[in-house]
Each structure stands twice: as structure tokens, then as C-alpha cells.
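Student: have a look at this fold, sequence not included:
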């Protein structure tokens with residue numbers, strides 16, 4: 001049995017994580033971290049599952065007073081980064097679904113993991129289908145170097161482009177010959193119309209109510225196009241990846257960035 005803390009239990013992803021823990025038999029909730037409801041039982045908060053675990057506003061108190069093995073963080077980039085460092089310093093292994101980490105931050109976290117000899121998992125996307133979409137896109141880039149990425153998320157998402165889109169671009173870049181796409185004299189009559197530029201490929205971000213998490217990777221070639229698409233219809237789609245990460249993080253002693261490295 002793995003003892004877990006959930007940061008952000010009242011958020012949509014946090015609630016989905018609590019419901020997953022309630023359903024699955026390999027995880028035990030020992031505490032939650034939230035910005036309100038300090039020292040309140042999870043079961044006493046309307047809309048949350050009936051867990052006999054305390055909510056803490058102070059992460060240091062939570063990490064000290066609970067016998068946790070893993071911290072599941074599904075909050076914001078700023079809080080996710082701080083929570084990750086705090087948990088590692090307490091010997092608790094973080095599983096983080098928050099995107100927006102910089103390369104410097106990832107290197108810092110890797111250094112802490114290796115100094116402590118414990119693992120961490122940061123995944124831009126915990127949906128298995130999204131991971132497969134990224135891997136298929138990497139494969140396709142060997143044959144279709146002209147590509148654009150369109151990512152669509154709910155209008156409460158804080159970072160743009162999404163971590164999944166950035167990760168996809170990084171994977172494509174590993175296989176694709178660097179090139180600037182489009183007409184050499186192309187001009188934007190409205191700034192930003194062509195999207196963000198990563199190694200010559202474009203990333204476009206949409207933010208609308210009604211969306212959850214969606215991405216299309218569109219390749220173009222002579223007389224043909226190829227579209228690789230993934231849609232998450234609800235947040236339960238991410239939970240099998242969160243559960244797998246909680247198990248696998250107990251077996252590693254460094255930072256793993258991306259769920260694909262944990263899939264067989």
C-alpha cells in the first residue's frame with residue numbers, strides 16, 4: 001500500500017484523483033494540501049469523498065505529520081514547483097501533473113532527486129492516449145517534416161501553450177530536420193496569427209469553456225496530410241496514468257519527465 005498526499009483536492013483534477021484513490025486498492029490517502037479548510041477532515045468538505053484524512057494549509061506540517069510515500073500535485077505551475085521541492089526535501093516522492101516547469105527548474109529538481117536518491121515523476125499529460133499521440137507524432141516526423149500543433153483546453157488553464165504541446169514539439173524536433181515552414185516572405189497582419197514558433201514549426205492554443213484537453217498534430221506533404229488527434233472528454237482519462245506513476249515512482253531514483261518513460 002502506498003500512502004499519498006493530494007495537493008489541490010477541491011480542484012477538478014484533485015477531485016478526480018481522490019475518486020481514483022477511493023476506487024483503487026493500492027493507494028491510501030493520508031492528507032491533503034489546500035489553501036483553505038486547515039485541519040478539516042476531507043469527508044467534512046462538501047463534494048469530496050468520505051476520507052478520514054486531514055487537510056493542511058501548510059505543506060511543511062502536512063509532510064511532517066503524515067507518513068506519506070508520494071505527493072500527487074495537480075495544482076498550478078508555481079505551487080507545483082514549490083510543492084515538488086518541499087516533498088523531495090522530506091523524502092516524499094512527487095507525482096506532478098502541473099505543466100509550465102522551465103528547463104532550469106527541471107534540472108534543479110533532477111539534482112535534488114539524485115542527491116536524495118529518490119524518484120519524481122512530472123508528466124505534461126497523464127492520459128495514455130495522449131502519450132501515444134506524442135509518440136506517433138515523433139515517428140511521423142521522420143517522414144513529414146512540415147507540421148503544426150493545435151492544442152485546445154478549457155478557459156481556466158493558466159499556461160499556453162500546454163505542456164503536452166511543448167513536449168510534442170520537443171519529441172518531433174528530435175526526429176525532424178530543422179526548417180522554417182511557410183513562405184519566406186510570410187507576414188502576420190495581426191501579431192500572433194501564425195502561433196508560437198518552435199524550431200520553425202507552429203503551435204496554436206485555443207481556450208474555450210466546454211473543452212477539457214485536446215490536441216491535433218497536423219503534418220503536410222506533397223498531395224497529402226496526416227492528422228494525429230487525441231481528446232480527453234473528462235478528467236478520469238488522466239487517472240490511470242496518475243495511479244501508474246504512483247507505483248513506478250517508488251522504483252526510481254531520479255526525475256522522470258513524461259509518462260511514456262513509464263509505459264512498457
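Tutor: Right, received. Where do you want to start? This structure is a prediction, so every number in the text was calculated from the model and none was measured.

Student: quick check: closest non-adjacent residue to residue 205.
Tutor: What sits nearest to residue 205 in space, not counting adjacent residues and going by CB to CB, 6 or more residues apart in numbering, is residue 160, at 4.1 Å. C-betas here are computed from N, CA, C, even on glycine.

Student: can you tell me the SS state at the one you found?
Tutor: coil (DSSP: H, G, I helix; E, B strand; the rest coil).

Student: for this structure, which segments count as strands?
Tutor: Secondary structure of the chain (DSSP state E): strands at 2-7, 27-33, 55-56, 70-73, 93-96, 120-122, 146-153, 196-198, 201-207, 213-221, 224-232, 255-257.

Student: span of stretch 123-133 from start to end?
Tutor: Stretch 123-133 stretches 14 Å from its first residue to its last (CA to CA, to the nearest Å).

Student: just the residues contacting it, thanks.
Tutor: Stretch 123-133 is touched from outside by 95-97, 99, 134, 162-164, 166-168, 213, 215, 217, 228-230, 232, 237-242, 245, 257-260, 263, with contacts defined as CB atoms under 8 Å, 6 or more residues apart in numbering.

Student: again, 6 Å this time
Tutor: Applying CB atoms under 6 Å, 6 or more residues apart in numbering, the contact partners of stretch 123-133 are 97, 99, 163-164, 167, 228, 230, 232, 237-238, 241-242, 259-260.

Student: circling back: pipe the strands of the chain into JSON lines and attach mean neighbour count, distance to residue 17 and mean pLDDT per row.
Tutor: Converted to JSON lines, the strands of the chain look like this (neighbours: other CB atoms under 10 Å; distance: least, CB to CB, whole Å; pLDDT from 0 to 100):
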{"stretch": "strand 2-7", "mean neighbour count": "25", "distance to residue 17": "5", "mean pLDDT": "98"}
{"stretch": "strand 27-33", "mean neighbour count": "23", "distance to residue 17": "9", "mean pLDDT": "98"}
{"stretch": "strand 55-56", "mean neighbour count": "24", "distance to residue 17": "14", "mean pLDDT": "98"}
{"stretch": "strand 70-73", "mean neighbour count": "29", "distance to residue 17": "5", "mean pLDDT": "98"}
{"stretch": "strand 93-96", "mean neighbour count": "28", "distance to residue 17": "10", "mean pLDDT": "98"}
{"stretch": "strand 120-122", "mean neighbour count": "27", "distance to residue 17": "14", "mean pLDDT": "97"}
{"stretch": "strand 146-153", "mean neighbour count": "21", "distance to residue 17": "18", "mean pLDDT": "98"}
{"stretch": "strand 196-198", "mean neighbour count": "15", "distance to residue 17": "30", "mean pLDDT": "95"}
{"stretch": "strand 201-207", "mean neighbour count": "18", "distance to residue 17": "23", "mean pLDDT": "98"}
{"stretch": "strand 213-221", "mean neighbour count": "20", "distance to residue 17": "15", "mean pLDDT": "97"}
{"stretch": "strand 224-232", "mean neighbour count": "15", "distance to residue 17": "15", "mean pLDDT": "97"}
{"stretch": "strand 255-257", "mean neighbour count": "21", "distance to residue 17": "19", "mean pLDDT": "95"}
